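Peer 1: heads up, no residue letters with this:
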């Protein structure tokens, strides 16, 4: 745009000079001089519009603008919206949105065509192809540093190699069974931590990046672990056996608790019977018999009283139905 402005300005000045010369030349008509002047004025207007357009830039949402003046990167990034700039400045727009980079064995899924899965060795020496997706974003304030030291193609220079290295380092600390099942949730977190450390180490090799972050890794997603069928079946069988063992331990513990409950219950019944048997004697039984006899004697029903045998025998009272 700035080139168009200067070209229009040059032509306008040239036409203005020709128009001025035409007015002094008797061989040229006044109409020609007027036409040249009009064309010069139009070119001046075009030059002015182009110059104003070159001094205004619109940064889209989720982007920042890196200013480059004669090959020198300016330290301050332009934020989103309408910004006034030096007309001679070139603005490189860089996204600060969360982006994803996928490395997959399926060619249509990843950024690289064909099998781009990560081949990594587990702690027990098993080669495991992994499908990984990295969610990352550029820090807006560090965009000028990234552009000057790395360039706009920072994904291929930093994100991709650091991710593949971090994934291999993380897998080396897990066995195939842990990566496939028991510690699958811990593995992506380990990858995330190693990737953040790896990228930070790469960026800090440049003196300009001291105190800067550059990139933020939001999440490492472990999409797929490819294992041979024999290994996968063996791991699943082992996990099933472990689950059955845990279930049996649960049943045994439950039975153990039930046995303890019954033992405590029996002990309580035994203690109760001991206490009761110690408190019952002949005098108590005789007193209870007297109370029962007295209650029956006061009733309005006919009754037959049979005196018990022995010195302390209690009477037995039988109800007699009057109708009978």
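Peer 2: Done, it's in. Computed from a predicted structure; not experimentally measured.

Peer 1: hey, what's residue 95 bridged with?
Peer 2: Beta-bridge pairing for residue 95 (DSSP bridges): residue 63.

Peer 1: ok, it - how many residues close by?
Peer 2: By the measure other CB atoms under 10 Å, the count of residues near residue 95 is 14. Placement of C-beta: from N, CA and C, glycine included.

Peer 1: ok, it to residue 83 distance?
Peer 2: Per CB to CB, to the nearest Å, residue 95 is found 17 Å from residue 83.

Peer 1: ok, residue 88 touching residue 68?
Peer 2: No - Residue 88 sits out of contact with residue 68 when judged by CB atoms under 8 Å, with a separation of 10.0 Å.

Peer 1: And these two? Which one has more around it.
Peer 2: residue 68 (16 against 10).

Peer 1: Apart from its chain neighbours, what residue comes closest to the more buried one?
Peer 2: Counting by CB to CB, 6 or more residues apart in numbering, residue 90 is the residue found nearest to residue 68 once chain neighbours are left out, at 4.6 Å.

Peer 1: Provide a list of residues in contact with the one you found.
Peer 2: Residues counted as contacts of residue 90 (CB atoms under 8 Å, 6 or more residues apart in numbering) are 67, 68, 69.

Peer 1: those helices in the protein, which residues are they?
Peer 2: Listed in chain order, the helices of the chain (DSSP state H) span 2-24, 30-54, 143-149, 154, 160-171, 176-177, 186-203, 229-279, 282-297.

Peer 1: Would you agree residue 141 is in contact with residue 79?
Peer 2: No - taking contact to mean CB under 8 Å, the distance of 9.7 Å between residue 141 and residue 79 leaves them out of contact.

Peer 1: What's opposite the residue nearest to residue 167 when sequence neighbours are not counted in the beta bridge?
Peer 2: Excluding the flanking residues, the one nearest residue 167 by CB to CB, 6+ apart is residue 118, at 5.0 Å. In this structure, residue 118 has the following beta-bridge partners (DSSP bridges): residue 130.

Peer 1: how about residue 118, what does it touch?
Peer 2: The neighbourhood of residue 118, defined by CB under 8 Å, 6+ apart, consists of 103, 129, 130, 132, 164, 167, 168.

Peer 1: so what are the domain limits for this protein?
Peer 2: Per the record's domain assignment (automatic domain parsing), the chain is made up of the domains 2-93, 96-227, 236-279, 282-320.

Peer 1: Tell me where the model's unsure across this structure.
Peer 2: Applying pLDDT under 70 to the chain flags residues 1-52, 228-242, 279, 281-285, 296-297, 299-324.

Peer 1: 50 - rerun?
Peer 2: Along the chain, the model assigns pLDDT under 50 to residues 31, 322-324.

Peer 1: want to throw the contacts of residue 118 into CSV with neighbour count and distance to residue 56?
Peer 2: Formatted as CSV, these follow (neighbours: other CB atoms under 10 Å; distance: CB to CB, whole Å):
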residue, neighbour count, distance to residue 56
103, 22, 41
129, 15, 51
130, 24, 47
132, 25, 42
164, 20, 42
167, 25, 45
168, 16, 48
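
Peer 1: Of those residues, which is the nearest to residue 278?
Peer 2: Minimum separation from residue 278 among these (CB to CB) is found for residue 130, which lies at 75.8 Å.
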